[in-house]
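[1] let me see the structure of the following:
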Amino acid sequence: MPNPPATLDALARIGWQGTLPAEEDGTRIARVIAQHRAGYELHDGTTAFNAQPAPRFLKPDVGPEARPAVGDFVRVTPAKPPLIEAILPRRSLLERAAAGERHRRQLIAANIDTVMIVCGLDGDFNPARIERYLLLVEGSGARACVVLTKADLAGDHTEPMAIVRERVPATVDVIAVNAKSTASVAPLLALLGPGTSSVLVGSSGAGKSTLTNTLLGETRQATQSVRANDSRGRHTTTSRALILLPSGGCLIDTPGMREIKLTGEETLDGAQFADIDALAAECRFGDCAHHGEPGCAVRAALDDGRLCTERWHNYLKLRDELAAAAESLEAQLRRKSESRVLTKALNKRLAEKYGRQ
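    You can find the predicted model right below:
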């Protein structure tokens, strides 16, 4: 591991923003650029090196959100191997609920400025999935950009562009590209300037790795063709990795996501569905269920085409899923609290009977 502490200029090259925090004896700052089963890969703005997490990060009761993630800036001690001792405060964090019945978080990327939601203009095209991604992004602290790939194969893509534009907030950029063409992806460079960090998310086969290679100007990420019947791809990217781009920005490529599970802490009252909230506020009755009540502004908008039926159905689906996820989260927190109370009571009884050790 290099000895001199990383400078502000060096850390800015890997996405650090603002002034440096006060130095702490024996530690230096680096950024997590990859996570493997054997440990982490870090970069200090000059050199990449391997590191291990401090033992406290590996305790079973430490949740994923309290462990280092790709994109994190961390303090490292010069041990052999170097040890990650602390995670510096995050300016943003993109996460989802992990697959399975147990409620756990999966961190996707930390300290990012832009989440690029990649969707192919082929069988991968799915506006409802884009809305789901946008719901995750809203609470992350990062901005969203929808990147529609395979524009070269789609012919006239005016209609799908219009569909997406209708279903996302006006503040979200929607850009159609040929991911293999340097000229076509050039508009994305405005989001990938020096000191910025972006992450690519989307399904397998959407073109994330191809887009990464084009932005890099070289073939570094493996790519594979998609199945002809459904445009699905295999997981060519198997782990998250932060890559330094010639434009000066940092880009995190991620494996394709088959399931975009909500954490339960997202809300539907943000910009993503602001128009539906506005319509609901115009209903005659404050407790309108929008099923057929007189004076329902939502039903009127559905009937006259101002509100897209598919979008409304997706809104209801997300609402129900959020309610279930929030209930699951609350139940899990309640069980943890009850377990701590029982453990404390048991320890007290043991201490009274046998004395404190």
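[2] buried set for stretch 76-91?
    Neighbour counts over stretch 76-91 (16 or more other C-beta atoms under 10 Å) mark 76-77, 82-85, 87, 90-91 as buried. Where C-beta positions appear, they are placed from N, C-alpha and C, glycine not excepted.
[3] show residues contacting it.
    1, 3, 17, 21, 26-30, 32, 39-40, 42, 49-54, 57, 66-68, 72-75, 110-111, 141 (C-beta atoms under 8 Å, 6 or more residues apart in numbering).
[4] tell me how far the ends of it are from each other?
    19 Å (C-alpha to C-alpha, to the nearest Å).
[5] hmm, back to that, make TSV out of the buried residues of stretch 76-91 and add secondary structure, distance to A179 and pLDDT.
    Putting the buried residues of stretch 76-91 into TSV (DSSP: H, G, I helix; E, B strand; the rest coil; distance: C-beta to C-beta, whole Å; pLDDT from 0 to 100) gives the following:
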residue	secondary structure	distance to A179	pLDDT
V76	strand	35	95
T77	strand	41	92
P82	coil	36	93
L83	strand	39	95
I84	strand	34	96
E85	strand	39	95
I87	strand	33	96
R90	coil	29	96
R91	coil	28	96
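[6] which SS class is the nearest residue to D173 once chain neighbours are set aside?
    Among residues not flanking D173 along the chain, C145 sits closest, at 4.6 Å (C-beta to C-beta, 6 or more residues apart in numbering). Classification of C145 using DSSP: H, G, I helix; E, B strand; the rest coil returns strand.
[7] how much space separates C145 from N126?
    From C145 across to N126, the span is 17 Å (C-beta to C-beta, to the nearest Å).
[8] so the two - more neighbours on which side?
    Taking other C-beta atoms under 10 Å, C145 and N126 do not tie; C145 has more neighbours (21 against 12).
[9] surely the more buried one meets I112?
    No: counting by C-beta atoms under 8 Å, C145 stays clear of I112, with 11.5 Å between them.
[10] report how many residues lie close to A206.
    30.
[11] and it, what's its pLDDT?
    Per-residue confidence (pLDDT) for A206: 88.
[12] wait, what's in contact with it?
    Going by C-beta under 8 Å, 6+ apart, A206 touches 118-120, 124, 149, 233, 256.
[13] columns pLDDT and neighbour count on top of these, output as CSV?
    Shown next, in CSV, are the contacts of A206 (pLDDT from 0 to 100; neighbours: other C-beta atoms under 10 Å):
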residue, pLDDT, neighbour count
V118, 96, 28
C119, 94, 25
G120, 93, 25
D124, 88, 24
T149, 95, 29
G233, 44, 22
G256, 75, 21
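[14] W312: which of these is nearest?
    Nearest to W312 out of the contacts of A206 is C119 (C-beta to C-beta; 20.6 Å).
[15] please report how far the closest one lies from D72.
    27 Å.
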